[in-house]
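In: Sharing a model that was predicted from the sequence below.
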Amino acid sequence: MTSAEHTKFRSTSRWREFRSRLLEERGYRCACCGIKKKKGLQIHHKDPDHYDDLTPEKFIILCSDCHGLVEKMAKRFRGKKANTITNSELWYELLSPFFPYE
């Protein structure tokens, strides 16, 4: 899916309804750091080439900080399935070198 297609898809009611339902089902909580908040959470797709496949298991809810780190790792470890890691403790261990405040 191209960037333009991705942007267009995210404006559909199908996506907005799916996103709302997913956030509610997962308790408005970041899968990486565990922060809970109603605004500012982002939906990360494990397979960005098939973003319109709305299978809940293929999505991770992340805060903007963790989402940025996930994207950095995905670029850094291309082809190594960095996007499929969902265990918070494992993420912390993998990402701790990136946290400047630790």
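Out: Received the coordinates, thanks. Residues are numbered from 1 along each chain as shown.
In: end-to-end on stretch 24-42?
Out: 13 Å (CA to CA, to the nearest Å).
In: So for that stretch, what gets flagged as buried?
Out: In terms of neighbour count (16 or more other CB atoms under 10 Å), stretch 24-42 has its buried residues at 26, 29-33, 41. (C-beta placed from N, C-alpha, C; glycine too.)
In: Could you do stretch 3-22 as well?
Out: For stretch 3-22, by 16+ other CB under 10 Å, it's 15, 18-19, 22.
In: Switch the residues you listed over to JSON lines; also include secondary structure and pLDDT.
Out: JSON lines is the format used below for the buried residues of stretch 3-22 (DSSP: H, G, I helix; E, B strand; the rest coil; pLDDT from 0 to 100):
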{"residue": "Trp15", "secondary structure": "helix", "pLDDT": "91"}
{"residue": "Phe18", "secondary structure": "helix", "pLDDT": "93"}
{"residue": "Arg19", "secondary structure": "helix", "pLDDT": "93"}
{"residue": "Leu22", "secondary structure": "helix", "pLDDT": "94"}
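In: Out of those residues, the closest to Cys66 would be?
Out: Leu22 (16.0 Å; CB to CB).
In: what sits against the closest one?
Out: Contact analysis of Leu22 by CB atoms under 8 Å, 6 or more residues apart in numbering lists 43, 56, 59, 61.
In: What are the boundaries of the helices in this structure?
Out: 3-10, 13-25, 64-76, 88-95 (DSSP state H).
In: pLDDT averaged over the third one, what's the number?
Out: In this model, helix 64-76 has a mean pLDDT of 79.
In: Dump it to CSV, restricted to CA.
Out: Extracted C-alpha coordinates of helix 64-76, given in CSV (Å, rounded to 0.1, in the frame of the first residue of the first chain):
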residue,chain,number,x,y,z
SER,A,64,3.9,7.9,20.1
ASP,A,65,7.2,7.5,21.8
CYS,A,66,7.2,3.7,21.6
HIS,A,67,5.8,3.8,18.0
GLY,A,68,8.8,5.9,17.0
LEU,A,69,11.2,3.4,18.5
VAL,A,70,9.4,0.5,16.8
GLU,A,71,9.7,2.2,13.5
LYS,A,72,13.4,2.9,14.1
MET,A,73,14.0,-0.7,15.0
ALA,A,74,12.0,-2.0,12.0
LYS,A,75,14.3,0.1,9.8
ARG,A,76,17.4,-1.0,11.6
